[in-house]
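Engineer: below are the sequence and a predicted model for it; my questions follow.
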Amino acid sequence: MKQLEVQIMGQSYLLGCPENGDARMLDAVNRVDMAMCRIRDAGKIKARDRIAVLAALNLAFELPERTPGAAPVPAAAPAEAAAAGNAESPQLAALLQRLDTALGIDGRLL
């Protein structure tokens, strides 16, 4: 297995990568970096772990869009919209509130 050194939100990571998987891995890193930076740049969330969770939710929400025949995804994914304070998604706002409660005051997952 090959190793790639990448940067996500300005932090370096050393990732294991299958042979001939460089392009896919770098594409995935780019998507994660863009998603995290977009949330960070919105300015409401500062904790890296919370940004990562929201980015993961957004990317998971977009997965059906990549599947043929799936319904299109709105311009702003629900987790991002709720993080920006969008009142159109009360269920997501409640989910984010539960996430904040679960993470606790220090914002650590563990």
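Structural biologist: Sure thing, it's come through. Predicted model, so just to flag it, every value in this text is computed and none were measured.
Engineer: where is the longest helix in this structure?
Structural biologist: helix 22-42 (DSSP state H).
Engineer: now the helix or strand following that one: buried residues?
Structural biologist: Per DSSP states H and E, the first helix or strand lying C-terminal to helix 22-42 is helix 48-66. Residues of helix 48-66 classed as buried: 50-55, 57-59, 61 (neighbour count, 16 or more other CB atoms under 10 Å). C-beta here means a position set from N, CA and C on the backbone, and glycine is covered the same way.
Engineer: just want the angle from helix 48-66 to helix 22-42.
Structural biologist: Helix 48-66 and helix 22-42 meet at an angle of 120 degrees, taking axes from the mean of the first three to the mean of the last three CA atoms, to 10 degrees as the criterion.
Engineer: CA atoms only: put helix 48-66 into PDB for me.
Structural biologist: The C-alpha trace of helix 48-66 is given here as PDB (Å, rounded to 0.1, in the frame of the first residue of the first chain):
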ATOM      1  CA  ARG A  48     -12.500  21.300  13.500                       C
ATOM      2  CA  ASP A  49     -14.300  18.200  14.600                       C
ATOM      3  CA  ARG A  50     -17.700  19.800  14.200                       C
ATOM      4  CA  ILE A  51     -16.700  21.100  10.800                       C
ATOM      5  CA  ALA A  52     -15.600  17.500   9.900                       C
ATOM      6  CA  VAL A  53     -18.900  16.000  11.000                       C
ATOM      7  CA  LEU A  54     -21.000  18.600   9.000                       C
ATOM      8  CA  ALA A  55     -18.800  18.000   5.900                       C
ATOM      9  CA  ALA A  56     -19.200  14.300   6.300                       C
ATOM     10  CA  LEU A  57     -23.000  14.700   6.500                       C
ATOM     11  CA  ASN A  58     -23.000  17.000   3.400                       C
ATOM     12  CA  LEU A  59     -20.900  14.600   1.400                       C
ATOM     13  CA  ALA A  60     -23.000  11.600   2.500                       C
ATOM     14  CA  PHE A  61     -26.200  13.500   1.500                       C
ATOM     15  CA  GLU A  62     -24.700  14.200  -1.900                       C
ATOM     16  CA  LEU A  63     -24.000  10.500  -2.600                       C
ATOM     17  CA  PRO A  64     -27.400   9.700  -4.100                       C
ATOM     18  CA  GLU A  65     -26.700  12.500  -6.600                       C
ATOM     19  CA  ARG A  66     -23.900  10.400  -8.000                       C
END
